[in-house]
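Participant: 3D model of this:
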Amino acid sequence: MKIFIQRLTTIHKQIDEIYPKIADFSEWKIWSPWLIADPKTRINISENGKFYQWESPITGTGNMKIMEENKPSQIDMNLQFLKPMKSRSKVSFFLEPQGPNTKVTWTMEFNAPIFFVFWKKSMENFIGMDYERGLLMLKDYCEKGNIPSYLTFSGIKNVASKKYIGIKTTCEMNQIDKHMSADFEQLFAFVNKGFDDVVTSGKGMSLYHKWDMAKKITTYTAAIEVKDFPPKIPLQFVKGTIPASKFYCIEHKGPYRFMGNAWAVQMMHKRSKQFKANKGISPMELYHNSPKEVANTSDLITEVMMATK
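Facilitator: Here you go, the predicted model:
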């Protein structure tokens, strides 16, 4: 069964400025969507930058080799995974000038066992999201010279129980930002109308109840922690309690558009058995500050938390 993944972006730079950042693997250490998962990854890159090997308990073991180049419009690579499972894929980049900009398309194709048919859509979306994260970081690297996305691996924390009021929403994944912004506006407007005394910290948090990769739909609750439940809340609001538990925590510093890095890395750590998730408690984001409190979105601090057993 053939699997094909394709993602693209437009970068506001000339093609000659972008091509070397893809065709030289030493540049991948800056923008790779996988190397960010484990800063201790052992990497070996050839002197000409056309071959690299990696080894990590988080992302596994494998190598990539540039097989053919058609400068500056196409790069074909061979990707080989050795652990945790063996596979081989063809990876390609296509660069197309569009006036002062460049369209960059990233593809992957490989053959999967026939029984993977049940997970085909989810697999395409999972890998596709990694590609989207990589292209987002490549775009910032090319346009701005840096990537404002930094992870701190906090490990397991004991977290006390939390009461909250919130708004529960189901939406397409690409619509989360729009819906969540509106939800928090309603929540803080309610709290500011005489209920600010019940708020514990004033920090927002989001609980993720369902994440359907095949349908690209999520169900979440945008929430505010409270000392006690208000005597009356609007009909569209919900209330609940997060029980005291241990959480595996990863802190992200940077704009919300890079939050996919923290969540993807959290899932990589889970799959590599760095912790065992407690599925009875929804994973969540805890916002230590907000866009209204910082002059630059690069200073936003968000903690991604997943309950453990």
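Participant: Every contact and neighbour count from this point should use C-alpha atoms.
Facilitator: OK.
Participant: now for the helix-or-strand element of the chain with minimal mean pLDDT, which elements pack on it?
Facilitator: Sorted by mean pLDDT, DSSP states H and E, the helices and strands of the chain end with strand 199-212, the least confident at a mean of 86. Strand 199-212 is packed against strand 217-226, strand 284-287, with contacts defined by 3 or more C-alpha pairs under 8 Å, 6 or more residues apart in numbering; DSSP states H and E.
Participant: Take these and lay them out in CSV including distance to residue 132.
Facilitator: Converted to CSV, these look like this (distance: least, C-alpha to C-alpha, whole Å):
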stretch, distance to residue 132
strand 217-226, 17
strand 284-287, 21
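Participant: For residue 78, find the nearest of those.
Facilitator: Of all the helices and strands packed on strand 199-212, the one in closest proximity to residue 78, counting by C-alpha to C-alpha, is strand 217-226 (32.5 Å).
Participant: Which elements pack onto the closest one?
Facilitator: For strand 217-226, the packing partners by 3+ C-alpha pairs under 8 Å, 6+ apart come out as strand 162-172, helix 176-191, strand 199-212.
Participant: circling back: which strands border the least confident helix or strand of the chain, and is each parallel or antiparallel?
Facilitator: In the sheet containing strand 199-212, the strands it pairs with under DSSP bridges are strand 217-226 (antiparallel), strand 284-287 (antiparallel).
Participant: Tell me which of those sits most buried.
Facilitator: Each of the strands paired with strand 199-212 was scored by mean neighbour count; the highest is strand 217-226, a mean of 22, by mean count of other C-alpha atoms under 10 Å.
Participant: May I see the buried residues of the next helix or strand after that one?
Facilitator: Secondary structure here is assigned by DSSP states H and E; on that basis, the next helix or strand after strand 217-226 toward the C-terminus is strand 238-242. Applying a neighbour-count criterion of 16 or more other C-alpha atoms under 10 Å, the buried positions in strand 238-242 are residue 239.
Participant: what packs against strand 238-242?
Facilitator: Judged by 3+ C-alpha pairs under 8 Å, 6+ apart, strand 238-242 is in contact with strand 162-172.
Participant: Rounded mean pLDDT for the strand it packs on, please.
Facilitator: pLDDT averaged over strand 162-172 equals 96, rounded to a whole number.
Participant: what's in contact with that strand?
Facilitator: 179, 183, 187, 216-229, 236-244 (C-alpha atoms under 8 Å, 6 or more residues apart in numbering).
Participant: same deal with stretch 122-129?
Facilitator: Contacts for stretch 122-129 (C-alpha under 8 Å, 6+ apart): 3-7, 213-214.
Participant: Tell me where the model's unsure across the stretch 151-300 of the chain.
Facilitator: Within the stretch 151-300 of the chain, the ranges that satisfy pLDDT under 70 run 194-197, 199-202.
Participant: repeat that with 80
Facilitator: Where the stretch 151-300 of the chain drops to pLDDT under 80, the residues are 194-202, 214.
Participant: tell me the contacts of the nearest residue to residue 305 once chain neighbours are set aside?
Facilitator: Distance criterion C-alpha to C-alpha, 6 or more residues apart in numbering; nearest residue to residue 305, sequence neighbours excluded, is residue 249 at 4.6 Å. Contact analysis of residue 249 by C-alpha under 8 Å, 6+ apart lists 153-157, 303-306.
Participant: Which members of these occur in helices, if any?
Facilitator: When DSSP state H defines the helices, the subset of the contacts of residue 249 inside them is empty.
Participant: quick one on the thing from earlier: specify the beta-bridge partners of the residue nearest to residue 305.
Facilitator: residue 155, residue 305.
Participant: now it: how far from residue 207?
Facilitator: Separation of residue 249 from residue 207 (C-alpha to C-alpha, to the nearest Å): 14 Å.
Participant: sorry, back to before: the helices and strands packed on strand 199-212: which one's closest to residue 141?
Facilitator: In terms of C-alpha to C-alpha, the element of the helices and strands packed on strand 199-212 nearest to residue 141 is strand 284-287, at 25.5 Å.
Participant: quick one: residue 217 and residue 173 touch, right?
Facilitator: Yes: using C-alpha atoms under 8 Å, residue 217 and residue 173 qualify as a contacting pair, with a distance of 5.4 Å.
Participant: quick revisit: quick one, which of the contacts of residue 249 are buried?
Facilitator: Members of the contacts of residue 249 that pass the buried threshold by neighbour count (16+ other C-alpha under 10 Å) are listed as 153, 156, 303-306.
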